[in-house]
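J.: The sequence and its predicted three-dimensional model are supplied below.
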Amino acid sequence: MKLNSKAVAIMLSASVALGIVACLWIVARYLIVQLSRPIIVSTYPVQDEVGVPNSSRQTVTFNKGMDPKTINSKTLVLSDDQGQIIRARVSCQESNRTAVLAPSVPLHPGATYRLSAVGGINGIKDPLGRALENDRVWTFTTGFQSTLPLTQGPGGPILLITSPANGFSQYYAEILRNEGFNEFETVDISQLEETALKNYEVAVLGEVPLNALQIAALARWVHAGGELIAMRPDYKLAQAFAFQVTNPSATPDPPLQDAYLAIQPSGPGDGLPHQPIQFHGPLAPYRFSGGAVLATVYRDPATPTPFPAISTMDFGEGRIVLYGYDLARSVVYTRQGNPRWSGMERDGIHPIRSDDLFYGASRSDPQPDWVDPNNIAVPQADVQQRLFANIINLPSARKMPLPHFWYLPRGLKAAVVLTGDDHGGGGTLRRLQGYLAKSPPGCSVQHWDCIRATSNIFVGSISSSNAARLVAQGFEIGLHVYTACADWPSHPVPQPDGTVRNEVDRPFAESLYRAQLAVFAARYPGVPPPVSNRIDCVTWGDYDTQPQVELNHGIRLDTNYYFWPPKWVRNRPGLFTGSALPMRFAKRDGTIIDVYQAATQMTDESGQQYPFTVDTLLSNALGPSETYGVFTANMHNDEPKSPGADAIISAALKRHLPLVSASQMLRWLDGRNTSSFQNLAWSNGQLTFSIDPGEYASGLEALLPISSGAGALTSLTVNGAALEYQLRTIAGVNYAAFPARTGKIQATYRQANEAQSQGTPKGIPR
């Protein structure tokens, strides 16, 4: 269609007019802001925030530039809960829009502080002399650091019984922390005292040897009202609890291990997947009768057996739950791969990588994949840990309801750890600058509002000054340890069963890390030492050497478990480690290593399609599948642009999910796992407790079962004031979800007729 000159002129005039109107609107908005009183648009910490680092600086951001002469230690004041002023240095940043208060000394852990921004005639003003209309005051609480060994808990009504003879018995400390039950105490089986058992509501018994006296003591405790969860116990213990047991040595069935189980669709398993899922490790093939079966063993996905994987029975006033397999061993093996495949090249592509621990179709040793590809979308290890949590929460007339922490801040069901390797291509600077531009205006790095990422670099991929600037803006610049894509040197180690396995030459690995980290530190003096790691070519070598070496060099989050190669992935979005949650590694013997495994489920070199892959993972996390988790991506930073990264960012922002660096995720995990419940007491349907938040546990959220043996939750208060909560169903259990607060928390449970006579509940669902 042709337009005549008159039509063109009209269109141009209209366009110019619209442009003028738009410009006038922008000018008008600017003038309105400049001529009006200033307001505070954001703060760090926010009101009632917990887990604030003891060395943190407090910030106040205004809607416009302020007069820096009016922002000082008299107008921005930090004080403790006794009203004592904390000496601090006050400065301005970002064109005088942000005021920063830096305390002169570290704040006390677990203490409440008040930050005051003074308004009025003697307060903070803009350059035209317009002041904040009123004083603004808010409080926050600092976090605790833990000095406890990883095998120990902070104390509470859960008792974990372990033995140094079986490292997997100690790994239950990590499982309890992962499920948020930070109210447990650990005791060695040799130190178990019957008189002390009465102080606990629940006991978790690892796979440890027991003598007759210990079995009798546990039986008496359960009979009096305790709940015992026993892992693959000696058959004598099962007999002591009146289970009718067929001695496993007398059964004609062949030994079962690395098989399947189906969770029963009732009781604690009601809200969990019911198709057969895998467990790893050996099974004690007992034939139980007289109790309830919570999960049934399957020989393969289609063939049930007569054996229960998990069964339970009331015993006197208490309850016994028997696992036919060792849950901790199964979780470790599922997440870290088949220990029998350690040091083997199975996928036919050198070097030996982490995927070789899962890859079944080895030409020399064809086997099924370690994690069943038909269950690739199911977090099989996580599901079994949630069942374990539900079993702990089984209500009884005597047992107190137990609170636990949620996996992620502010009730988030998922988060993305955004990373990229840079092999000297130099795309890191422009890529991360692009993430800055995509971040929401005025976002908070501390609260995961901004898009942040990790770049694992070869030294020289970015200048020292640019690296320091990006780190100051909340990004992580880390070392991409270089191995020339060659296998780690190794040596054969004879095994007790007569086999021989290859083990990485640890002194060589230690020296390589040491040398490359020294070069990194010298080149980037303004960048902190790396706390996360992905090795070039994800060279792994064996089962547990790499995380031990990483820990020796201050690296505590590992992303080397890598969903690759394409011929194995086949564009199937999923969880090749059977888990979507970062948890600590274990050695071959089950001993905990203080390094988190965060599997990389999304890469740009595995033949995965985007946004299909990220949409599937995040939709499953947010939907009825409940595959909550942390999804790590590696979108290489060799180039400034990445279609895969753009798709991942769009998918996360559309769902209001955070994109964070590996170091941010590490700080959160440490903060949540060092948080604890304290002073738990249960009497006449009232539960009282307090929360000690860990450093960096911002957004920490607690869950409390709605139901108990004493009835339903009717009120929830903190220091006598109503504490708002949300009603939430997780894995079939109904909870009150509420933000962690310091002070005395009280939950009241009543039967229906009692609740009606009590009047209006004090707790406020929201």
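T.: Structure received.
J.: got the contact list for stretch 640-655?
T.: 414, 416, 418, 420, 427, 429-431, 434-435, 438, 451, 602, 604, 610-611, 614-615, 618, 622, 633, 635-636, 658-659 (CB atoms under 8 Å, 6 or more residues apart in numbering). For glycine as for every other residue, the C-beta is placed from the backbone atoms N, C-alpha and C.
J.: Now which of these would you call buried?
T.: Those of those that meet the buried threshold are 414, 416, 418, 420, 427, 429, 431, 434-435, 451, 602, 604, 610-611, 614-615, 618, 622, 633, 635-636, 658-659, by 16 or more other CB atoms under 10 Å.
J.: contacts for the biggest strand by length in the chain?
T.: Looking across the chain with DSSP state E, the single longest strand is strand 303-315. Identification of contacts with strand 303-315 by CB under 8 Å, 6+ apart yields 219, 222-223, 241-243, 253, 256, 261-262, 279, 283, 285-288, 290-299, 319-325, 387, 391.
J.: follow-up on the earlier one: which members of the contacts of stretch 640-655 occur in strands, if any?
T.: Among these, the members falling in strands (DSSP E) are 414, 416, 418, 420, 602, 633, 659.
J.: of all those, which two lie farthest apart?
T.: Largest separation among those by CB to CB: A414 and G420, giving 19.7 Å.
J.: can you pull out the strands in the stretch 301-450 of the chain?
T.: Per DSSP state E, counting those that start in this stretch, the stretch 301-450 of the chain carries strands over the ranges 303-315, 318-323, 404-405, 414-422.
J.: actually the stretch 501-650 of the chain, not the one I typed
T.: 532-533, 557-558, 583-586, 592-597, 600-603, 629-634.
J.: Run through the neighbouring helices and strands of the fourth one.
T.: Counting contacts by 3 or more CB pairs under 8 Å, 6 or more residues apart in numbering; DSSP states H and E, strand 592-597 packs against helix 545-552, strand 557-558, strand 583-586.
J.: Can you pull the poorly scored residue ranges out of this structure?
T.: 1-35, 245-254, 396-398, 753-766 (pLDDT under 70).
J.: Break it into its domains for me.
T.: 40-142, 173-336, 413-671, 675-765 (automatic domain parsing).
J.: Pipe those into a markdown table and attach distance to H350 per row.
T.: Shown next, in a markdown table, are these (distance: least, CB to CB, whole Å):
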| stretch | distance to H350 |
| --- | --- |
| domain 40-142 | 44 |
| domain 173-336 | 21 |
| domain 413-671 | 7 |
| domain 675-765 | 39 |
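J.: between the ones you listed, which one is nearest to F405?
T.: domain 173-336 (3.4 Å).
J.: got the end-to-end distance for that closest one?
T.: 18 Å (CA to CA, to the nearest Å).
J.: Kindly write the PyMOL command that selects the buried subset of the contacts of strand 303-315.
T.: The command below creates a PyMOL selection of those among the contacts of strand 303-315 that count as buried (16+ other CB under 10 Å):
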select buried, resi 219+222+241+243+256+261+262+279+283+285+286+287+288+291+293+294+295+296+297+298+319+320+321+322+323+324+325+387+391
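J.: now, which of the contacts of strand 303-315 lie within helices?
T.: Among the contacts of strand 303-315, the members falling in helices (DSSP state H) are 219, 222-223, 387, 391.
J.: ranges for the helices of the stretch 351-500 of the chain?
T.: Along the stretch 351-500 of the chain, counting by DSSP state H, counting those that start in this stretch, helices occupy 380-392, 428-438, 464-472.
J.: Give the buried residues for the first one.
T.: Same thing as helix 380-392. So helix 380-392, judged by 16+ other CB under 10 Å, has buried residues 380-392.
J.: Pull the CA coordinates from stretch 283-300 and hand them back as PDB.
T.: Extracted in PDB, the C-alpha atoms of stretch 283-300 (Å, rounded to 0.1, in the frame of the first residue of the first chain):
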ATOM      1  CA  LEU A 283      18.400 -55.000  51.900                       C
ATOM      2  CA  ALA A 284      17.700 -57.100  55.000                       C
ATOM      3  CA  PRO A 285      14.900 -59.300  53.400                       C
ATOM      4  CA  TYR A 286      12.800 -59.800  56.500                       C
ATOM      5  CA  ARG A 287       9.300 -61.100  56.300                       C
ATOM      6  CA  PHE A 288       7.400 -59.000  58.800                       C
ATOM      7  CA  SER A 289       3.900 -59.500  59.900                       C
ATOM      8  CA  GLY A 290       1.700 -57.800  62.500                       C
ATOM      9  CA  GLY A 291       2.700 -54.200  61.500                       C
ATOM     10  CA  ALA A 292       1.800 -51.700  58.800                       C
ATOM     11  CA  VAL A 293       3.900 -51.600  55.600                       C
ATOM     12  CA  LEU A 294       4.900 -48.100  54.600                       C
ATOM     13  CA  ALA A 295       6.900 -49.100  51.500                       C
ATOM     14  CA  THR A 296       7.200 -52.400  49.700                       C
ATOM     15  CA  VAL A 297      10.400 -53.800  48.000                       C
ATOM     16  CA  TYR A 298      10.300 -54.400  44.200                       C
ATOM     17  CA  ARG A 299      12.900 -56.500  42.500                       C
ATOM     18  CA  ASP A 300      12.600 -54.300  39.400                       C
END
